[in-house]
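>>> Just to be clear, the model below is a prediction. Sequence and coordinates:
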Amino acid sequence: MSRAQARHQAIRTAQTWKERFDGREGATPPVDQIFGSNVFGLRKMRERLPKATYKAIVATIERGKSLAPEVADIVAAAMKDWAIEQGATRFTHWFQPLTGTTAEKHDSLIVADGQGHVLYSLSGADLTQGEPDASSFPSGGLRATFEARGYTAWDPTSPAFIVRAENSATLCIPTAFVSWTGEALDKKTPLLRSCDALNNHAKRILKLFGTDAGVSRVVTTLGCEQEYFLIDRDMYHARPDLVSSGRTVYGASPPKGQQLEDHYFGAIPSRVLAYMSEVEEELYRLGVPVKTRHNEVAPGQYEVAPLFEEANVACDHQMVLMETLRRVAPHYGFACLLHEKPFAGVNGSGKHCNWSMATDTGVNLLDPRDDTHTNMQFLVFLCAVIRAVDVHADILRASIASVGNDHRLGANEAPPAIISIFLGDMLTDIIDQLERGSPRRTIKGGAIDLGARTLPRIPRHSGDRNRTSPFAFTGNKFEFRAVGSSASASWPVTVINTIVAESLDVIATQLEKAMGKRPTESKLRNAVKRLLKQVIKDHKRVIFNGDNYSEEWAAEAAERGLANLKNVADALPVLKLRRATNLFKKYSVLTPSELESRLHIQLEAYIKRRQIEAEEMLQIGRRMLLPAALGHQRRLAETVVKTRAAGVDCDVEAAALESFVGLVQDFRAALVALEIANGHEDEPIKHAKVIAKNTLPLMEALRDAGDALEAHVEHKLWPLPSYHEMLSIR
């Protein structure tokens, strides 16, 4: 079967899948019966553990108490019994290495008893520690090939869960992953360390305000909105670029993309709704509290969003969610694309991370409440975030740097690479009042009369939202909108936690000094006002409530001194700065060698992914597009020759042939130029900069030449499914 025939077969298969689900609605699972049914969390522990053991594990989870070996043995036995009842025969330490995905090695729960029989076993040692090979994962120099030993360590704060396949069930135990030397080789360990750092300094602020009674811990909370694309599975496999790099390196824009804005929040197609329902059911069973589903802006693009959870669990659940989206898609003839920009010319996908701080008594520390201007504790936490984002905007930008995000950021669909904060009218007004002296009012939103008797008066928020801002306050949290859809949320959240912990440390230290040995309420109030006034004066440049997409803002941001790190090659070297090294070292989040390893790993990933994309462009161009174009050229030439042989004037056809030959020559020249440029540099930062400066423009030129051919080549000759075909069939 030729490539063109395979493409047309993929289109017919896609239509068959669509017809199978037309008119059907997604089933609604009995959530109250299934939620968390495949999770061994506190509820299951309370049912199955002795009271003393349960209290000990709660103390570990909620207050960070160390876990005694005998407690681990009892928990492991109960977890094993529960897993067997659920049909599990294997267990795995589920961890998040620096690949950006998850990893697992399955071990049997079944062991021989030495007497010709078998029994089920999971010891406390099996539960708490594993030993995967550490040399085969990216380590950025922390481990050499001959230094293989690594450890996984049980994270009791994240519930164990069971993943089911067609004929198996596996108990997954969330773990950290570290080297034999104790250095972090994963994304969970630094996240947990950053949570501890923020907790320590947030509690100092609460103590100053006298609001720490009953508070054992301050946690960061997180809710991630996950965007993704669905295309037909056969079309996906007919696109080598999607398979190898997750995005289309060629593809002419269809006549209808997202211009009419008719897909956003539109009626969800039946097949997609059935897929979403199964995804939700799987996630409910795994205890992931998904809340929202809808069509996104681009054709074929959708979104799912969960409720808030503690950041560590939320990051684990994000990895489970992405894997579930991919795993369920083939059941409905789909492939799920999590790349930030799988299709040029339409919106890309992000992972909006809604981040906040809360006490373990249930108080959201970023909730402004009614009379915000009198809520000085809230204003301290707010200004700590403002200071953190301004001082470390470059590190925050580096935390979301990736190949996929380079295609997306700043493209009138996502926040730009310039990091700024949106506060809205009410908070901006209070900040202005603080800078002038004492805040005396809070802007109220009021109510909106919709002008029809049957419609209710609805409350108006005190400020609008800003979808163009990379870091926006949205009522009682900050929304970090610049995180890429394929990324783990752990690293950006680790950075936010760490930089905010530093700001809380600075503010707490100054307030403690101002209060002296005899603190009073008036002393505190005056000290807070003086300090916040200075913080705002020093860091208000990072606040911007306007259109972040505009060219005017880029110019204004430069005048304000805000960094514009446009790509990975610009952003990642920030991690080499002494300021970054000292920051992560001081708050015990990453040692200098651990931070340096992450820089090397991310640079290496950038270089390799770009090289894969470039090589894929060359192979598709030489082996698929050029033969199709030459076939079309041959047909045009035959038409001209035969028409002239018949004695008929064909100057128009000859001109069309000449024009098309020019397009083919341009394409050949672009292929050669990229092939020559796709070289190598020994120094990773230099190599990344060369790719960004030299290779990428050549890749864009080759794509333009290839897309120009697609616009002219006869449809049945073109070997790749088109944008119209991939994005229009639901």
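Right, received. Where do you want to start?

>>> surely D371 meets I443?
No. With the criterion set as C-beta atoms under 8 Å, D371 and I443 do not qualify as a contacting pair; they are 11.1 Å apart. Placement of C-beta: from N, CA and C, glycine included.

>>> Tell me which of these two has more neighbours.
For the pair D371 and I443, the greater number of neighbours falls to I443 (16 against 11), based on other C-beta atoms under 10 Å.

>>> From A472, how far off is the more buried one?
Going from I443 to A472 by C-beta to C-beta, to the nearest Å gives 17 Å.

>>> again with Y275
Spatial separation of Y275 from A472 under the definition C-beta to C-beta is 30 Å.

>>> send the alpha carbons of the biggest strand by length in the chain over as PDB?
Taking DSSP state E as the criterion, the chain has its longest strand at strand 218-232. Backbone C-alpha positions of strand 218-232 (Å, rounded to 0.1, in the frame of the first residue of the first chain) are rendered in PDB as follows:
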ATOM      1  CA  VAL A 218       1.300  25.400  55.800                       C
ATOM      2  CA  VAL A 219       0.900  23.600  52.400                       C
ATOM      3  CA  THR A 220       0.800  24.800  48.900                       C
ATOM      4  CA  THR A 221      -2.200  23.800  46.900                       C
ATOM      5  CA  LEU A 222      -2.500  23.200  43.200                       C
ATOM      6  CA  GLY A 223      -5.100  22.700  40.500                       C
ATOM      7  CA  CYS A 224      -3.900  22.100  36.900                       C
ATOM      8  CA  GLU A 225      -6.000  22.800  33.800                       C
ATOM      9  CA  GLN A 226      -4.800  20.300  31.200                       C
ATOM     10  CA  GLU A 227      -5.200  21.000  27.500                       C
ATOM     11  CA  TYR A 228      -4.800  18.400  24.800                       C
ATOM     12  CA  PHE A 229      -5.600  17.500  21.200                       C
ATOM     13  CA  LEU A 230      -7.400  14.400  19.900                       C
ATOM     14  CA  ILE A 231      -6.900  13.200  16.300                       C
ATOM     15  CA  ASP A 232      -7.700   9.900  14.700                       C
END
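
>>> pLDDT on whichever helix or strand comes after that strand, on average?
If you walk from strand 218-232 toward the C-terminus, the next helix or strand you reach (DSSP states H and E) is helix 233-237. Per-residue pLDDT over helix 233-237 has a mean of 94.

>>> Could you do stretch 328-346 as well?
Computed over stretch 328-346, the mean pLDDT rounds to 95.

>>> Hmm, L603 is touching P684, no?
Yes. With the criterion set as C-beta under 8 Å, L603 and P684 qualify as a contacting pair; they are 4.1 Å apart.

>>> So for the two, which residue has more residues nearby?
Taking neighbours as other C-beta under 10 Å, L603 and P684 compare with L603 leading, 22 against 19.

>>> Torsion angles phi and psi at the residue nearest the centre of the chain?
Computing the C-alpha centroid of the chain and ranking residues by C-alpha atoms, centre = their mean puts A487 first, at 3.6 Å. Main-chain dihedrals, A487, degrees, to the nearest 10: phi -80, psi 150.

>>> Please name the residues that touch it.
Taking C-beta atoms under 8 Å, 6 or more residues apart in numbering as the definition of contact, the neighbours of A487 are 100, 351, 400, 402, 405.

>>> That one and S349, how far apart?
Taking C-beta to C-beta as the criterion, A487 is separated from S349 by 11 Å.

>>> count of residues packed around the nearest residue to L409 once chain neighbours are set aside?
Spatial nearest neighbour of L409, excluding adjacent residues (C-beta to C-beta, 6 or more residues apart in numbering): A417 at 5.1 Å. Here the count is done by other C-beta under 10 Å, and A417 has 22 residues near it.

>>> quick one, phi/psi of A417?
Its backbone dihedrals place A417 at phi -70, psi -10, with angles given as degrees, to the nearest 10.

>>> Settle this for me: S356 is touching L366, isn't it.
Yes. Using C-beta under 8 Å, S356 makes contact with L366 at a distance of 4.8 Å.

>>> Which neighbours do these two have in common?
With contacts taken as C-beta under 8 Å, 6+ apart, S356 and L366 have 476-478 as neighbours in common.

>>> Of the residues you listed, select the buried ones using a PyMOL command.
Under the burial definition 16 or more other C-beta atoms under 10 Å, those of these that qualify are selected in PyMOL by:
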select buried, resi 476+477+478
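
>>> got the shared contacts of S356 and L366 as TSV, with distance to F137 columns?
What follows is the shared contacts of S356 and L366, written out as TSV (distance: C-beta to C-beta, whole Å):
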residue	distance to F137
N476	38
K477	33
F478	32
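
>>> Tell me the one among the shared contacts of S356 and L366 nearest to A705.
Out of the shared contacts of S356 and L366, the one with the shortest distance to A705 is F478. That distance is 43.1 Å, counting by C-beta to C-beta.

>>> For that closest one, give its distance to H106.
Counting by C-beta to C-beta - F478 and H106 are separated by 39 Å.

>>> end to end, how far does stretch 338-357 reach?
28 Å (C-alpha to C-alpha, to the nearest Å).

>>> Pull out the buried residues from that stretch.
If you call a residue buried by 16+ other C-beta under 10 Å, then stretch 338-357 has these buried ones: 338-344, 346-357.
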